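**Student:** Output the structure for:
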Amino acid sequence: MATLADSFLQDLEDLEEPDPEADEPAAKKAKKGKKALPVEKDLSIASLVEDEEGDEIPDAIQVFMNNEKSGSSSVSEMLKNDEFQKLMDEVRERKDEQPALELGKQLSEEDTEYPLITRCNSLVREIDDEMMNIHRFVRDIYSKKFPELESIVTSPLDYLQVVQRIGNTKDLTTIDFSDILPNTAVMAITVTASMTAGTQLPRQELDKMLVGCDEAFLLNDCKRDVLLYLESRMSGLAPNLSALLGAALAAKLITAAGGLLNLARMPAQNIILVGSQKKSLLGMGSGAYSTQGIIFLSDLIVSTPMEFRNRAVKLVAGKCGLAARVDSFHESPLGQVGTQLREKILQSLAKAQEPPPAKQKKTLPPPEDRPRAKRGGKRHRRIKEKYGQSEFKKMLNRTKFGVDPEDNIYSEEWGLGLPYFEGKPVPLKAAKVSKEKQLQRHIQAQKRQRAAASAGNESGLSSSLAFTPVQGIELANPSAQRKAPDVGEKYFSTSATFVNLSTPMRNP
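**Tutor:** Purely as a prediction, here's the structure:
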């Protein structure tokens, strides 16, 4: 089956074949056209004819195929830019030089080097964008070979390094990733690569991908040179921010924010996320990724324990905003404000990490010895007598052990008799009893006497059980065996009493 390139070549061969029948009319038409055209057009056509006769027209398809086979086509457009190359040459020349600043002065807009510093701040972001484009280009190609690698290695630079080392290798156990990735990520890559459904890449795509990786590493070197240059100028550009974070970290923070003025205008919660990148935690849950900004690399935060790290991040972000505002107004060129802010952060974190104070035992207040005013009066005395302790209770409390008390035969309840005080009976006041209570007691005593008289004089040894020779033991009523009284005993007995007559007696 003929390919597209073969069809184009066949068309070119057909065009190159001479047509004798069409030569004469074409020549006549050309002569007529030369007569009719103006002078300017005639000169332009002649120049074109000369160019066509002098230079051979290259075959576009052949050039494209050669580039595909050789893999020499560049991926990054920034590296081809002459302005970028000139800027990088100037940065490399000046990065080892120290700025000639007077003591107590700061870089301002009038300095000749200030435009280069501002251009470098934006250049770092442009380099990052170009590296991200190369990362997407390589990822799209290598996803055919190892699609799961993107979810394991999230950093663009680490991804390109891993891709460059793997290539088309099937057995990843022979490749060493220990200098790039942690052991957990290496294990995940090895296990996933053994179960991936990807296919081998063609030679042309593999070469193009490796060229992209090399260009990304070259751009990363350019970015490092720019940051070194900015780091050497931080003492004059942002002395307070450099005193707070360090020159290297201050340069990264300013370039990620897009300049010192942009950083000074940011609130503290936005400074925390400046330059944040997705970091893989290699977990199985939904929160397996975390974003960390540039200030997380500060020694103030790294040296803080985990339980106080959130507090440290908020403190550092707030103080960075203050230091950037001071530097933007060109105040404190020697960095005194940044040093003071750093000391305040350290003091606050040290105070937060102190153990809580021990609980102090409070002594009781001394009692008041002065006599207090007591309430008196007739009403108070009555209440006191009503609820106060009686004389009998007082005597009971004063009873001595080992002395027999006097028996009280008049008391109907069980209890002790009269108490003794020093072995002698103490006369007590007779309790006053009302007449109604005396009458009730007398009536109750009479009732008890009548109840005792009406009851039969039965022996206390009588029982309701009887022993018989036939049945043995049986129940019997002892009162049934009592003999019924005679008629004469009822009316003429010595113990009989008067009987009420049913009819009243008449008067004679």
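**Student:** pLDDT below threshold where in the stretch 151-300 of the chain?
**Tutor:** 278-290 (pLDDT under 70).
**Student:** Could I get the full set of strands for it?
**Tutor:** Per DSSP state E, counting those that start in this stretch, the stretch 151-300 of the chain carries strands over the ranges 277-280, 289-292.
**Student:** give me the low-pLDDT residue ranges for the stretch 301-450 of the chain?
**Tutor:** Short version for the stretch 301-450 of the chain, where the test is pLDDT under 70: 399-433.
**Student:** make it 50
**Tutor:** Residue ranges of the stretch 301-450 of the chain with pLDDT under 50: 413-424, 426, 428.
**Student:** any chance you could map the helices in it?
**Tutor:** Using DSSP state H, counting those that start in this stretch, the helices of the stretch 301-450 of the chain run over residues 309-328, 336-352, 378-387, 391-397, 435-454.
**Student:** Turn those helices into CSV, including mean neighbour count and distance to residue 297.
**Tutor:** No exception for glycine: its C-beta is placed from N, CA and C like everyone else's. Conversion of the helices of the stretch 301-450 of the chain to CSV gives the following (neighbours: other C-beta atoms under 10 Å; distance: least, C-beta to C-beta, whole Å):
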stretch, mean neighbour count, distance to residue 297
helix 309-328, 21, 11
helix 336-352, 16, 15
helix 378-387, 9, 80
helix 391-397, 11, 84
helix 435-454, 9, 100
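**Student:** for these, which one sits closest to residue 165?
**Tutor:** helix 309-328 (33.9 Å; C-beta to C-beta).
**Student:** contacts for the closest one?
**Tutor:** 106, 237-241, 243-245, 253, 260-261, 263-264, 266-269, 271-272, 295-296, 298, 300-301, 304, 332, 337-338, 341-342, 344-345, 348-349, 352 (C-beta atoms under 8 Å, 6 or more residues apart in numbering).
**Student:** okay, the helices of the stretch 301-450 of the chain in CSV with distance to residue 157 next?
**Tutor:** Below are those laid out as CSV (distance: least, C-beta to C-beta, whole Å):
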stretch, distance to residue 157
helix 309-328, 24
helix 336-352, 31
helix 378-387, 93
helix 391-397, 96
helix 435-454, 111
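**Student:** Please name whichever of those helices is nearest to residue 170.
**Tutor:** Of the helices of the stretch 301-450 of the chain, nearest to residue 170 by C-beta to C-beta is helix 309-328, at 42.5 Å.
**Student:** any idea which element residue 77 lies in?
**Tutor:** Remark: residue 77 resides in no helix or strand, with elements defined by DSSP states H and E.
**Student:** Count the neighbours of the nearest residue to it once chain neighbours are set aside for me.
**Tutor:** What sits nearest to residue 77 in space, not counting adjacent residues and going by C-beta to C-beta, 6 or more residues apart in numbering, is residue 130, at 7.9 Å. Neighbours of residue 130 under the rule other C-beta atoms under 10 Å: 21.
**Student:** My reading is that residue 130 lies in a helix. Confirm?
**Tutor:** Yes - the assignment for residue 130 (DSSP: H, G, I helix; E, B strand; the rest coil) places it in a helix.
**Student:** Isn't it up against residue 219?
**Tutor:** Yes - the criterion here is C-beta atoms under 8 Å, and residue 130 meets it with residue 219 at 5.9 Å.
**Student:** Find the residues that touch each one of the two.
**Tutor:** Taking C-beta under 8 Å, 6+ apart as the criterion, residue 130 and residue 219 both touch 76, 78.
**Student:** what's the burial count for residue 90?
**Tutor:** 14.
**Student:** Tell me the secondary structure at the closest residue to it other than its chain neighbours.
**Tutor:** In space, and not counting its chain neighbours, residue 90 is closest to residue 116: 6.9 Å by C-beta to C-beta, 6+ apart. Here residue 116 is helix, with the state taken from three-state DSSP.
**Student:** Quick one: residues contacting residue 116.
**Tutor:** Contacts here follow C-beta under 8 Å, 6+ apart; on that basis residue 116 touches 90-91, 94.
**Student:** can you check residue 342 too?
**Tutor:** Applying C-beta under 8 Å, 6+ apart, the residues contacting residue 342 are 243-244, 300, 319.
**Student:** Report the separation between it and residue 322.
**Tutor:** As judged by C-beta to C-beta, to the nearest Å, residue 342 and residue 322 stand 11 Å apart.
**Student:** In stretch 302-310, which residues are buried?
**Tutor:** Neighbour counts using 16 or more other C-beta atoms under 10 Å place residue 304 of stretch 302-310 among the buried residues.
**Student:** Kindly report the same for stretch 218-226.
**Tutor:** Quick answer for stretch 218-226 (16+ other C-beta under 10 Å): 219, 222-223, 226.
**Student:** Among those residues, which are located in helices?
**Tutor:** Within the buried residues of stretch 218-226, residues falling in helices by DSSP state H are 219, 222-223, 226.
**Student:** Output these in a markdown table, with distance to residue 186 appended to each entry.
**Tutor:** Below are these laid out as a markdown table (distance: C-beta to C-beta, whole Å):
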| residue | distance to residue 186 |
| --- | --- |
| 219 | 26 |
| 222 | 29 |
| 223 | 26 |
| 226 | 32 |
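**Student:** and the two most separated of those?
**Tutor:** Greatest spacing in those, by C-beta to C-beta: 219 and 226 (10.5 Å).
**Student:** among the helices of the stretch 301-450 of the chain, which is nearest residue 152?
**Tutor:** Across the helices of the stretch 301-450 of the chain, closest to residue 152 is helix 309-328 (C-beta to C-beta), at 26.1 Å.
**Student:** surely residue 164 meets residue 213?
**Tutor:** Yes - counting by C-beta under 8 Å, residue 213 is a contact partner of residue 164 at 4.5 Å.
**Student:** what about the two, which has more around it?
**Tutor:** The neighbour count for residue 164 versus residue 213, taken as other C-beta under 10 Å, is higher for residue 213 (23 against 16).
**Student:** check contacts around that one.
**Tutor:** So residue 213 contacts 134, 138, 160-161, 163-164 (C-beta under 8 Å, 6+ apart).
**Student:** For those, give me a markdown table that also has distance to residue 78.
**Tutor:** A markdown table is the format used below for the contacts of residue 213 (distance: C-beta to C-beta, whole Å):
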| residue | distance to residue 78 |
| --- | --- |
| 134 | 10 |
| 138 | 16 |
| 160 | 16 |
| 161 | 20 |
| 163 | 20 |
| 164 | 20 |
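**Student:** nearest spatial neighbour of residue 142, skipping sequence neighbours?
**Tutor:** In space, and not counting its chain neighbours, residue 142 is closest to residue 163: 5.3 Å by C-beta to C-beta, 6+ apart.
**Student:** Tell me how many other residues crowd that neighbour.
**Tutor:** By other C-beta under 10 Å, the residues close to residue 163 number 22.
**Student:** In this structure it contacts residue 140, no?
**Tutor:** No - using C-beta under 8 Å, residue 163 is not in contact with residue 140, being 11.8 Å away.
**Student:** which regions of the stretch 1-150 of the chain lie under the pLDDT threshold?
**Tutor:** In the predicted model of the stretch 1-150 of the chain, residues 1, 20-55, 70-72 satisfy pLDDT under 50.
**Student:** One more pass at 80, please.
**Tutor:** Applying pLDDT under 80 to the stretch 1-150 of the chain picks out residues 1-74, 95-114.
**Student:** Could you measure from residue 246 over to residue 236?
**Tutor:** Distance, residue 246 to residue 236, by C-beta to C-beta: 15 Å.
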